[in-house]
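*Asks:* Quick one: sequence and predicted model below, then my questions.
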Amino acid sequence: MSKISTMLGVTSLAEAKEIIKYKLSPMHELQDHEFNIIINLCETHNINPAHGMLYLRRNEHNHIFPTLTIDGWFKLVNDKDDCNGYIFHESDVLVDIPQSGGVSTKAFEYIGCQIFRKGRDHAPVVKEYVLECINQFNAAWYSHTNRLLRHAAFIQCARMTYNLSGIYNETEELSSELSLSIVKEVTDESFEVLNTSDDSLEMFDDDITAHVDELNASDETLVKHNGNVIFDDIAEPSIDSKAVDVNTSEVNPEVIIPEDIVKQRIDSYLISSIAKGTLESCVIYLKSVTDEQDHGYIERESKDLVA
């Protein structure tokens, strides 16, 4: 009997695959090679796919990316025989994280993590910096900044300490192919890729911010790190009267309206891309950095803006 079958408490591989499909991919059929990827990962790292620590994400090419929740990452490390504990290091410097309405909250400039292994004399401190990690399209990064930064530090430290690959975390981009497609398709300066070889695809906001100023004429707060604009706090842009009012009862109930601070940024990017003629590429980018529940809103607003 296979290890995955024992883990799931069934007697055959076929039954194990049924459970995996039900828990991880109820809406999509899994191919044999995809089952093999999932089973190999679960058996290698002793992760039970029925316990909610693992789920699948798919990119625009429908490729699967096994993704661990933070509970899964903690289990993976704690299960290592040579794990001798871990500690976190918080910076003495606090930085402002802009919120909607012109207010801001404080967050650590960085959080570092050390994972100790038995038999090793040294454990590197892996630091994650808030201005490099924060996702301006994820409201949780504004409400629980330090917690998510601590999670990011732990995950990256686990990868370095145990040389982990083939497992993704919840904030990672899904494919470097997306980076390459945007580089080829977008020649406009408003979408300049900072690092196409990295898993995280970022864009300079300078041109976007400047153009939103023309459209919206609102005050903004720019957060800068080493001279580069990381993200901006832009007042909600005015939408053409033909666009749907998200506060009315006529809104499609299947479309989930993002948190205000995320919605403002999505709207600003879409409006700027209309004027730049890069709407299609902007939609691809926004879907790559936002939660899946926000994709319906992005699609609806992009269609309304060109109607």
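*Replies:* That came through fine.
*Asks:* now the helices for the stretch 1-150 of the chain?
*Replies:* Counting by DSSP state H, counting those that start in this stretch, one finds helices in the stretch 1-150 of the chain at the ranges 3-8, 13-24, 32-45, 70-78, 130-133, 140-143, 145-162.
*Asks:* what separates the first one from the chain centre, distance-wise?
*Replies:* Average the C-alpha atoms of helix 3-8, do the same for its chain, and the two points are 30 Å apart (CA atoms, centre = their mean, to the nearest Å).
*Asks:* Contacts for it, please.
*Replies:* Outside helix 3-8, the residues that touch it by CB atoms under 8 Å, 6 or more residues apart in numbering are 11-13, 15-16, 19-20, 39, 42-43, 46, 48-50. Yep, even glycine has a C-beta here, placed from its N, CA and C like the rest.
*Asks:* before we move on, back to that, adding mean neighbour count, distance to Leu56 and mean pLDDT as columns, could you present the helices of the stretch 1-150 of the chain in a markdown table?
*Replies:* Compiled in a markdown table, the helices of the stretch 1-150 of the chain are given as follows (neighbours: other CB atoms under 10 Å; distance: least, CB to CB, whole Å; pLDDT from 0 to 100):
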| stretch | mean neighbour count | distance to Leu56 | mean pLDDT |
| --- | --- | --- | --- |
| helix 3-8 | 17 | 16 | 94 |
| helix 13-24 | 16 | 5 | 94 |
| helix 32-45 | 16 | 8 | 94 |
| helix 70-78 | 17 | 13 | 95 |
| helix 130-133 | 19 | 23 | 92 |
| helix 140-143 | 18 | 21 | 87 |
| helix 145-162 | 20 | 18 | 95 |
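*Asks:* Any idea which of the ones you listed gets closest to Cys113?
*Replies:* Ranking these by proximity to Cys113 (CB to CB) places helix 145-162 first, at 3.9 Å.
*Asks:* got a list of what the residue nearest to Ala107 when sequence neighbours are not counted touches?
*Replies:* Nearest residue to Ala107 in three dimensions, chain neighbours excluded: Thr145, at 4.0 Å (CB to CB, 6 or more residues apart in numbering). Residues near Thr145 by CB under 8 Å, 6+ apart: Ile97, Thr105, Ala107, Val130, Ile134.
*Asks:* returning to that earlier point: quick check: of the contacts of helix 3-8, which lies closest to Ala123?
*Replies:* Of these, the one sitting nearest to Ala123 (CB to CB) turns out to be Asn46, at 22.7 Å.
*Asks:* what about that closest one, distance to Tyr142?
*Replies:* Asn46 sits 35 Å away from Tyr142, going by CB to CB, to the nearest Å.
*Asks:* cool, and His89?
*Replies:* Going from His89 to Tyr142 by CB to CB gives 23 Å.
*Asks:* Wait, Leu24 touches Leu56, no?
*Replies:* Yes: with contact defined as CB atoms under 8 Å, Leu24 counts as touching Leu56 (5.0 Å).
*Asks:* Quickly list what's touching both of those two.
*Replies:* Ile38.
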